[in-house]
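Visitor: Sequence and predicted structure below; questions after.
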Amino acid sequence: MITIQTLKVSALALLIAVLISGCASSGDSPSGSPQEVQEVQSQLLGDMLLPQGARLNGTDSIIIGRGNEWVGRAVVNALQGATDVYAFFQSEYPKSGWTIVTAVKAKTSILVFTKGDRTATIEIVDGSLGGPKSVIVITSSPKNANVIAPVRK
């Protein structure tokens, strides 16, 4: 016989499972074999390497252009924790010709790199329970872009 208490516990367990599966969603990520995913991400992001197994979250990303000329924001879900991801960017990007402008290691870590006429800002935060171990936001833009401040009236 099923009691009210058993029904309540079952409903709570189902609700928690649904919430966790919703948090684990990686958005509209490239799919296929690891090699195919890597190829698509390389075509989009050019020489901006990602940690092993990281996947681009297409739903939250805004990428205009492709390859080494893209601008916008790429949101990436990583399998490694924020400390390991921070160490990856700090060690690997200079090997690819990127120069570190500034680096801040904190709860939300930020690294700023330049290469040629491009600037890349990398923000790293811990992931959520049931989701990626960390989330990376890469913002790419032309260096010294003419930015005009709004005029106060």
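Guide: Looks like it came in fine.
Visitor: center of the protein - which residue?
Guide: Geometric centre of the chain, nearest residue: residue 76, 2.3 Å, by C-alpha atoms, centre = their mean.
Visitor: Going along the chain, name the helices of this protein.
Guide: Under the criterion DSSP state H, helices of the chain are mapped to 4-23, 34-45, 82-95.
Visitor: burial of residue 43, as a residue count?
Guide: If you count neighbours by other C-beta atoms under 10 Å, residue 43 ends up with 12. Where you see a C-beta, it was placed from the backbone N, CA and C, and this is true even at glycine.
Visitor: Could you tell me the per-residue confidence at residue 17?
Guide: We note a pLDDT of 42 for residue 17 in this prediction.
Visitor: repeat for residue 143
Guide: On the pLDDT scale, residue 143 gets 80.
Visitor: Return the residues in contact with it.
Guide: 114, 116, 117, 118, 119 (C-beta atoms under 8 Å, 6 or more residues apart in numbering).
Visitor: swap in residue 76?
Guide: Taking C-beta under 8 Å, 6+ apart, one finds 50, 54, 55, 56, 57, 135, 136, 137, 138 in contact with residue 76.
Visitor: With residue 133 instead?
Guide: Counted by C-beta under 8 Å, 6+ apart, residue 133 has contacts 78, 79, 80, 81, 82, 126, 127.
Visitor: Identify the farthest-apart pair in those residues.
Guide: Spatial extent of the contacts of residue 133 (C-beta to C-beta) is set by the pair 79 and 126 at 13.0 Å.
Visitor: Please tell me how far the residue nearest to the centre of the chain sits from residue 153.
Guide: Going from residue 76 to residue 153 by C-beta to C-beta, to the nearest Å gives 40 Å.
Visitor: go on, residue 119?
Guide: Counting by C-beta to C-beta - residue 119 and residue 153 are separated by 31 Å.
Visitor: who's more crowded, the two?
Guide: Ranked by neighbour count (other C-beta under 10 Å), residue 119 and residue 153 place residue 119 first, with 19 against 3.
Visitor: The more buried one contacts residue 100, doesn't it?
Guide: No: Residue 119 lies out of contact with residue 100 (C-beta atoms under 8 Å); the separation is 11.7 Å.
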